[in-house]
Structures are given as structure tokens and as C-alpha cells.
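1. I would like to see how this sequence folds:
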Amino acid sequence: MQRKVRVTLAAATLAILAVGLWATEGRAVPVQWSSGGGGNDHFYDFIPGSFAWAGALADAPTKSHLGQPGYLATVTSGGEDTFIRTSVTTSTAWLSGSDAATEADWKWMAGPEAGQSFWISGVTQPGFVALWGPGEPNNALGIEHVLHMNFHAAPNSWNDMFAGSTYGYIIEFNQNQGSVPQPAALLLFGAGLAGVGVRAWRRHRGKP
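-> Below you'll find the model as predicted:
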């Protein structure tokens, strides 16, 4: 019995220490484009790897941040594009745009804008931007139907590309942070575990 009590107390102590470290250690996390800086309070990250476009589209929702599933990013303003280029990555990366369904009708295929056209036959649609690089989109060889950014590490660097090419991708998360226990709540949970261990120890010692 005494051994069990010691194990319980040790486990509770480790839980508290682990939670404290989780809450305070410096870790690489998605970057927020805050509303205070003119942003939308969404979070962004670059997922490195060799993803075909469809693979990136499917992989993004398997990841989450602060309780929110990710999606292959949409970029709906010049400010958002600049934020990603300057604060997230300058690597060439997939976005969720595609004109695979109808040539020259570019739509976002993920996120709140899924299914909405942002550029049709040379015309940027109201409420959107289309930051194509010079001469783009050109549908080279008739097979370029998906979008990546940072084709050049400069403004207006979007490019249409063959969907079977492989790049990393930009993942986007909405700002809702209420779905996951925050560090304070986790610390309370750890304290509760410690309380259980103390009560077991007191019972073992014959104390109320």
C-alpha cells in the first residue's frame, strides 16, 4: 500500500511539472495575424514536405491548433499575403486555389471561402485579390490548375502549377481558442491529481 501511495504522489507531481513546462516552454507554434495589426486573428504555419496539391488539401484538416482544425490556406488580401511572406515563410508553398473544375475560374477550395471564385478570366472578383506573378496564370501545357505562392520571394508571386508537383503548404487556423483546456485549467487538473495522492497518503497514515 505504501508503495502505491508513493507511486500516486510521484505521478501527480510529474503531471504538474509536465503541465507547467507545457505552459511555459518556448516552442515553435503557428503565427497569429492579429487584428491589432490589421489582421484577421487567424493563425498560419508552413508545413514543410513533399506534398502534391491534393495531399496538402487532405493533410491540413488532420492538424489542429487551439482546438481548431486547419485548412489549406486562402489569401484574400494583399496584407494577408504580405504577412505570410514576411512572418511565416518565403518558401514556395501550396494555397487552396484551383481552376480544375472550369478553366480560368479560380476558386478557393478550403476554409470559409471554399467554392468562391476569386479570379475569372482575367478579372479579380469583388472582395478578393489575385496576386499573380508576371504572365501568370498561363496554364502551361494545359495542365496547371492549382495555386502556389512565393513562386518568387516577392510581391505578386502567385503561380498556377501542375497538381502533381510537390511542395510544402500554408496551413490556416481560425482564431477560436475556447475548445481546448488552457494552461491554467491544466494546472488545476494536475493539482487535482496531487490532491488525490495526498488523500490516499493520509488514509494510509490513518488520518482524516
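2. Give me the sheet partners of the strand or helix carrying Gly97 and which way each runs.
-> Here Gly97, judged by DSSP states H and E, is contained in strand 93-98. With DSSP bridges as the test, strand 93-98 is paired with strand 105-108 (antiparallel), strand 144-149 (antiparallel), strand 167-173 (parallel).
3. from the middle of its chain, how far away would the longest one be?
-> Relative to its chain's centre, strand 167-173 lies at 7 Å (CA atoms, centre = their mean, to the nearest Å).
4. quick one: buried residues of it?
-> The neighbour-count check on strand 167-173 (16 or more other CB atoms under 10 Å) flags Tyr167, Gly168, Tyr169, Ile170, Ile171, Glu172, Phe173 as buried. (Glycine included, C-beta is placed from N, CA and C.)
5. just curious, which of those residues is nearest to Val75?
-> Val75 lies nearest to Ile170 out of the buried residues of strand 167-173, by CB to CB, at 8.1 Å.
6. Now the element after the helix or strand encompassing Phe118, going C-ward?
-> Here Phe118, judged by DSSP H and E, is contained in strand 117-120. Next along the chain after strand 117-120, taking DSSP H and E as the criterion, comes strand 123-124.
7. taking the mean pLDDT, what do you get for that following strand?
-> The pLDDT scores in strand 123-124 average 98.
8. likewise stretch 66-79?
-> Mean pLDDT, stretch 66-79: 96.
9. Buried residues in that stretch, which are they?
-> For stretch 66-79, burial by neighbour count (16+ other CB under 10 Å) applies to Leu66, Gln68, Gly70, Tyr71, Leu72, Ala73, Thr74, Val75, Thr76.
10. Can I get it as PDB, trimmed to CA atoms?
-> Taking C-alpha atoms only, stretch 66-79 is exported to PDB below (Å, rounded to 0.1, in the frame of the first residue of the first chain):
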ATOM      1  CA  LEU A  66      -6.000  25.700 -30.000                       C
ATOM      2  CA  GLY A  67      -8.900  23.300 -30.800                       C
ATOM      3  CA  GLN A  68      -9.400  24.400 -34.400                       C
ATOM      4  CA  PRO A  69      -8.700  22.100 -37.400                       C
ATOM      5  CA  GLY A  70      -6.500  23.500 -40.000                       C
ATOM      6  CA  TYR A  71      -7.200  24.000 -43.700                       C
ATOM      7  CA  LEU A  72      -5.100  24.700 -46.800                       C
ATOM      8  CA  ALA A  73      -4.800  28.500 -46.600                       C
ATOM      9  CA  THR A  74      -6.800  31.000 -48.500                       C
ATOM     10  CA  VAL A  75      -5.400  34.500 -49.100                       C
ATOM     11  CA  THR A  76      -8.000  37.200 -49.600                       C
ATOM     12  CA  SER A  77      -6.000  40.400 -49.300                       C
ATOM     13  CA  GLY A  78      -2.600  41.900 -50.000                       C
ATOM     14  CA  GLY A  79      -2.000  42.300 -46.300                       C
END
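11. As a check, name the ranges of all strands in this structure.
-> 31-32, 43-51, 64-65, 68-69, 71-72, 93-98, 105-108, 117-120, 123-124, 144-149, 159-162, 167-173 (DSSP state E).
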